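Chemist: Mind folding the following:
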Amino acid sequence: MLWLAVCAVSLAIVGLLAYWLPVSLHSNLQARAEPAGSWALALGIGIGPLAFSAILARGVEPFLTCHVFGKQLARLPLSRWRRGRPKKLDPGGLEPSAKGLNFSAFERSMARFFRDLDPIDALLSWWEKARVFEVRLLEIDVEYSFGDVALTGQILAALYMLIGVLPERFVINQTPSWASEDRLALTADGQFRIWPVRLVVDVLGFVLKERVRARRRSVPAGE
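Modeler: Numbers count the residues shown, from 1 in each chain. Next up is the predicted model:
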């Protein structure tokens, strides 16, 4: 019984530290689109020795990889989570096409749990809360051109206005091209701090609150 008590106390201490102490997170996003219609998107996130990367490109099946100390630990295809065109909902709220993908019981339960979650409201809610998620530095380099030269000028002016009102930790470097073709290249490097336990608690609380609201709205319709 002593070792159980020691484990419980250790877990409690780790939980309290995770609640009060932040974790540094680094990310890198690269995107490119060419006039011929080809495009590619790559995202990398690093948390200490742990790193995740996701790659999407035209004509290539998207995949997610996990690395620990630079060694690849897992490589998972993302195509299994793509949904087909919804036709008819089953009682569980998943489309028949999603059933055909043989989702696990855990994936189905998570899908039902987050079904009523509005991602925009969730992001705004977390963004406004202190000591949950903090942007330490976000630097964006963007090169662009459009077939309509006037549109290129409008984007140039809009970004200059945005640069003038952003805090110093947000940096935008833009390089417009006046060639009459649609082309985009974007690189974003970010440094963030997150409070993991607080974030999990806020996510669960927000989702439960949204589910309660959805049920309350559905009650008068059922009556």
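
Chemist: use CA for all of it now, contacts and neighbours both
Modeler: Will do.

Chemist: Could you report the distance from the closest residue to V68 other than its chain neighbours to E61?
Modeler: Excluding the flanking residues, the one nearest V68 by C-alpha to C-alpha, 6 or more residues apart in numbering is L50, at 4.8 Å. L50 sits 23 Å away from E61, going by C-alpha to C-alpha, to the nearest Å.

Chemist: Export the helix or strand hosting R193 to PDB, keeping only CA atoms.
Modeler: Element membership of R193, judged by DSSP states H and E, is strand 183-194. Extracted in PDB, the C-alpha atoms of strand 183-194 (Å, rounded to 0.1, in the frame of the first residue of the first chain):
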ATOM      1  CA  ARG A 183       1.300  32.300 -56.700                       C
ATOM      2  CA  LEU A 184       1.800  32.000 -52.900                       C
ATOM      3  CA  ALA A 185       4.600  31.000 -50.600                       C
ATOM      4  CA  LEU A 186       4.300  31.300 -46.800                       C
ATOM      5  CA  THR A 187       6.500  30.400 -43.900                       C
ATOM      6  CA  ALA A 188       5.500  30.900 -40.300                       C
ATOM      7  CA  ASP A 189       7.700  30.300 -37.200                       C
ATOM      8  CA  GLY A 190       6.100  30.400 -33.800                       C
ATOM      9  CA  GLN A 191       7.100  30.200 -30.200                       C
ATOM     10  CA  PHE A 192       4.300  29.500 -27.700                       C
ATOM     11  CA  ARG A 193       3.700  28.600 -24.100                       C
ATOM     12  CA  ILE A 194       0.800  26.400 -23.000                       C
END
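
Chemist: Show me what that strand pairs with in its sheet, parallel or antiparallel.
Modeler: strand 23-33 (antiparallel), strand 133-145 (antiparallel) (DSSP bridges).

Chemist: For the helix or strand immediately after the first one in the chain, which strands pair with it and how are they oriented?
Modeler: Heading C-terminal from strand 23-33, the first helix or strand you meet, by DSSP H and E, is strand 39-47. Strands that pair with strand 39-47, judged by DSSP bridges, come out as strand 23-33 (antiparallel), strand 50-57 (antiparallel).

Chemist: Just the C-alpha atoms of the shortest one, please, in CSV.
Modeler: What follows is strand 50-57, C-alpha atoms only, in CSV (Å, rounded to 0.1, in the frame of the first residue of the first chain):
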residue,chain,number,x,y,z
LEU,A,50,8.9,15.2,-29.0
ALA,A,51,8.0,16.4,-32.5
PHE,A,52,5.0,16.0,-34.7
SER,A,53,4.8,16.8,-38.4
ALA,A,54,1.9,16.7,-40.9
ILE,A,55,2.3,17.0,-44.7
LEU,A,56,-0.4,17.6,-47.2
ALA,A,57,0.1,18.1,-51.0
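
Chemist: Could you list the residues in contact with that strand?
Modeler: 38-46, 62-70 (C-alpha atoms under 8 Å, 6 or more residues apart in numbering).

Chemist: Please list only the buried members of those.
Modeler: 39-46, 62-67 (16 or more other C-alpha atoms under 10 Å).

Chemist: Looking at the residues you listed, which two lie furthest apart in space?
Modeler: W39 and H67 (24.9 Å; C-alpha to C-alpha).
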